[in-house]
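got a predicted structure here, sequence first:
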Amino acid sequence: YLLAARTGSMRRLGYLLIHGAMVVICIGGLIDGNVGLRLRLLTGDLKIETRDLAPANVPIQSRLAADSGSYRASMSLVEASTQNAAYLSFNDGYLLQELPFAIKLERFRVEHYASGQPKDFASDIEIIDGSHRIPVTLQVNHPFTYRGVTMYQSGFADGGTLLNMNLQRLDDIEAPTPISGKIGEKTALLINNQPFTIEFTDYRPTNVFENTASTDPTRPGWFTQAVAGSKMRDVGASVAFRLRNQAGQADDWNVYMKPLEIDQARYFVIGKRQQQSDLWRYVRLPLDETNSLAPYRHFAAGLDDKMARASVAKKIGASARNPELAGALEKSTLMLLETFAGSGLHGVSALVEASVPQAEQSKAAGLYLELLSHAATLLQDNPGPIAGSIQGARLVRDSLQAYSDCLEAKLPFFFQVISAQPVNASGLQLTRAPGAILVYLGCALLALGVCAMYFVRERRLWFWVTPASGSLLMVYTANRDSPALPGEFDTWRTAISELT
């Protein structure tokens, strides 16, 4: 006779759980893998939109219903605005994903580190679902789920800051031209009777740089981006835009809204570059004690005026102590002014190298700079209290440097930011994954199956009875070997021996 007994049969259930879990996970993955969306795109039922359209103007062929399946879409919300659709990005366009509710951005908040980098940002939103209004605060790594749609705080941007600026020629003291615009939009204007388009690209409310108040020569310059932990200062807001001419060529500009104090003097700072791959070329326009640019503009306007240059040269010639040298001094001054007006300090340097022996070039350069400074003082038309003082001498020196830098940077005019009304926009990511519950269920079944197969031991006991000889053969087996197996066999053998 053959007798058998078994324990641990639940281990076999582990095989079923694992294989079933793999099937369930695959089904959930297919549901959230946008298989249906891909098929609709292949069959032409959906069409990717490539035009920049408002949500209300997106055609029906490029829209997805709120219950169309899984998606991962993005939304940019301007403060006080409401949207009920998000965008699914593709390589060459987008699809508009409708939502089962609307989202309104009440307020956007951002905190910064001392270096100016964003520390934390959050959006106070209101979910509008029919007559239900649910206030929610979205923060980084703190999403919120409503009706199967999970909302994440993913970023922020400028939402269309309103700007008022003045366009002023540096060599003209006439009234400036007012300009109004909005970040993300374009404004047409005329410069020297030529049509231009100004494209406002960015508004930065803070700009944190190294504080150069220290006299340590190893400290980086004012234009060096700060790092956390160093002594820094916020120089205020800046506006970036692109100035495009009628031929389509454009220059990038970066204008600081407030005067910057550099080495105990104040300047308007303007950055310009021709291509985005180029380094910024910054020009510092000096201000007087009243934060006015008038002395420099008088200087630039006079330097650009042939009659004004001649008048200044005549005054300087008449001031010569030796009347016999008056004509030569006037002629030299006029030549120097014409050279500087056309080529800046580089032109003066080339003039010295071409007309003065090398041994005397250093002395001649000093005399030419002194002569230029005297002429600049007369051209500035500044009878104020700093004229002739140390501050006045620095203003003259800075004016000469600024004029030369403007020539090199091709900067005949400048933009002054008068006012800015910041408008923030919050970037949200919205996801819907109806297959996620199946994936989670499959993972749970997979874990149960692994536990059943690993921790549940299947053991069998066999008896072969031979009545004729009165013998009993016992066999004990397990699905895997273990140190406890011999001890268990001995226990069963002892128990059977006591029974017989």
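Received it, and whenever you're ready, just let me know what you need. Numbering: from 1, shown residues only.

residue 59: how many residues sit nearby?
When neighbours are defined as other Cβ atoms under 10 Å, residue 59 has 11 of them. C-beta here means a position set from N, CA and C on the backbone, and glycine is covered the same way.

how much space is there between it and residue 100?
21 Å (Cβ to Cβ, to the nearest Å).

in the chain, which spans are helices?
In the chain, the helices defined using DSSP state H lie at 11-32, 35-43, 294-304, 306-318, 326-355, 361-380, 390-409, 436-455, 485-499.

neighbours of the closest residue to residue 410 other than its chain neighbours, just the number please.
What sits nearest to residue 410 in space, not counting adjacent residues and going by Cβ to Cβ, 6 or more residues apart in numbering, is residue 272, at 7.9 Å. Using other Cβ under 10 Å, residue 272 is surrounded by 20 other residues.

ok, residue 272 - contacts?
Going by Cβ atoms under 8 Å, 6 or more residues apart in numbering, residue 272 touches 251-254, 280-281, 283, 409-411.

leaving out the residues flanking it, which one is nearest to residue 65?
residue 98 (5.9 Å).

ditto for residue 199
residue 242 (4.3 Å).

and residue 153, by the same measure?
Residue 153 sits nearest to residue 138 (Cβ to Cβ, 6+ apart), 4.3 Å away.

so what's residue 291 up against?
259, 266.

quick one: it from residue 320, how far?
37 Å.

so residue 293 sits right up against residue 268, yeah?
Yes: assessed by Cβ atoms under 8 Å, residue 293 is found in contact with residue 268 at 6.5 Å.

which residue is nearest the middle of the protein?
A centroid search over the chain (Cα atoms, centre = their mean) returns residue 157, at 7.8 Å, as the residue closest to the centre.

hang on, that one packs against residue 74?
No: applying Cβ under 8 Å as the test, residue 157 and residue 74 come out as separate, 11.5 Å apart.

count of neighbours near residue 271?
A count of nearby residues for residue 271, using other Cβ under 10 Å, gives 18.

equivalent analysis for the one 5 residues further on, please.
The number of residues packed near residue 276 is 8, by other Cβ under 10 Å.

ok, now residue 248?
7.

next, find the distance separating it from residue 280.
From residue 248 across to residue 280, the span is 22 Å (Cβ to Cβ).

next, the distance between the ends of stretch 346-363.
17 Å (Cα to Cα, to the nearest Å).

need the mean per-residue confidence for it.
For stretch 346-363, mean pLDDT is 88.

any idea how far residue 145 lies from residue 151?
Taken as Cβ to Cβ, the span from residue 145 to residue 151 is 7 Å.

what about those two, which has more around it?
Taking neighbours as other Cβ under 10 Å, residue 145 and residue 151 compare with residue 151 leading, 22 against 10.

tell me the bridge partners for the more buried one.
As for beta bridges, residue 151 partners with residue 144, residue 430 under DSSP bridges.

with the one 5 residues further on instead?
Per DSSP bridges, the residues bridged to residue 156 are residue 426.

I'd like the numbering to begin with 12 instead of 1 from here.
Sure thing, new numbering starts at 12, so read that last one as residue 167.

what's stretch 321-336 in contact with?
Contacts of stretch 321-336 (Cβ under 8 Å, 6+ apart): 313, 337-338, 340-342, 344-345, 348, 382, 385-386, 389-390.

give me the buried entries from the residues you listed.
Neighbour counting by 16 or more other Cβ atoms under 10 Å classes 313, 337, 340-341, 344-345, 348, 382, 385-386, 389-390 among these as buried.

among these, which pair sits farthest apart?
Greatest spatial distance in the buried ones among the contacts of stretch 321-336: 313 and 337, 21.1 Å, computed using Cβ to Cβ.

circling back to that earlier point, could the helices of the chain be laid out in a markdown table, adding distance to residue 215?
Putting the helices of the chain into a markdown table (distance: least, Cβ to Cβ, whole Å) gives the following:
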| stretch | distance to residue 215 |
| --- | --- |
| helix 22-43 | 39 |
| helix 46-54 | 38 |
| helix 305-315 | 26 |
| helix 317-329 | 39 |
| helix 337-366 | 30 |
| helix 372-391 | 33 |
| helix 401-420 | 21 |
| helix 447-466 | 39 |
| helix 496-510 | 73 |
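
pick the most buried one from the ones you listed.
Across those, averaging neighbours per residue (mean count of other Cβ atoms under 10 Å) puts helix 305-315 on top, at a mean of 22.

same for that helix, what does it pack against?
For helix 305-315, the packing partners by 3 or more Cβ pairs under 8 Å, 6 or more residues apart in numbering; DSSP states H and E come out as strand 292-297, helix 317-329, helix 337-366, helix 372-391, helix 401-420.

just put those in TSV and tack on distance to residue 49.
As requested, the helices and strands packed on helix 305-315 are exported to TSV (distance: least, Cβ to Cβ, whole Å):
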stretch	distance to residue 49
strand 292-297	49
helix 317-329	71
helix 337-366	62
helix 372-391	70
helix 401-420	52
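
quick check: which of those is nearest to residue 145?
strand 292-297 (48.5 Å).

hmm, who's touching stretch 347-362?
Residues contacting stretch 347-362 (Cβ under 8 Å, 6+ apart): 314-315, 320, 323-324, 346, 376, 379-380, 382-383, 386, 411-412, 414-416, 418-419.

can you do 10 Å?
Contact partners of stretch 347-362, identified using Cβ atoms under 10 Å, 6 or more residues apart in numbering, comprise 182, 311, 313-317, 319-321, 323-324, 327, 346, 363, 372, 375-376, 378-380, 382-383, 386-387, 390, 411-419.

mind listing what the closest residue to residue 22 other than its chain neighbours touches?
Nearest residue to residue 22 in three dimensions, chain neighbours excluded: residue 467, at 4.2 Å (Cβ to Cβ, 6+ apart). For residue 467, the contact set (Cβ under 10 Å, 6+ apart) comprises 18-25, 490.

give me that answer again for 6 Å
Neighbouring residues of residue 467 by Cβ atoms under 6 Å, 6 or more residues apart in numbering: 19, 21-22.

distance of it relative to residue 500?
On the measure of Cβ to Cβ, residue 467 and residue 500 end up 19 Å apart.
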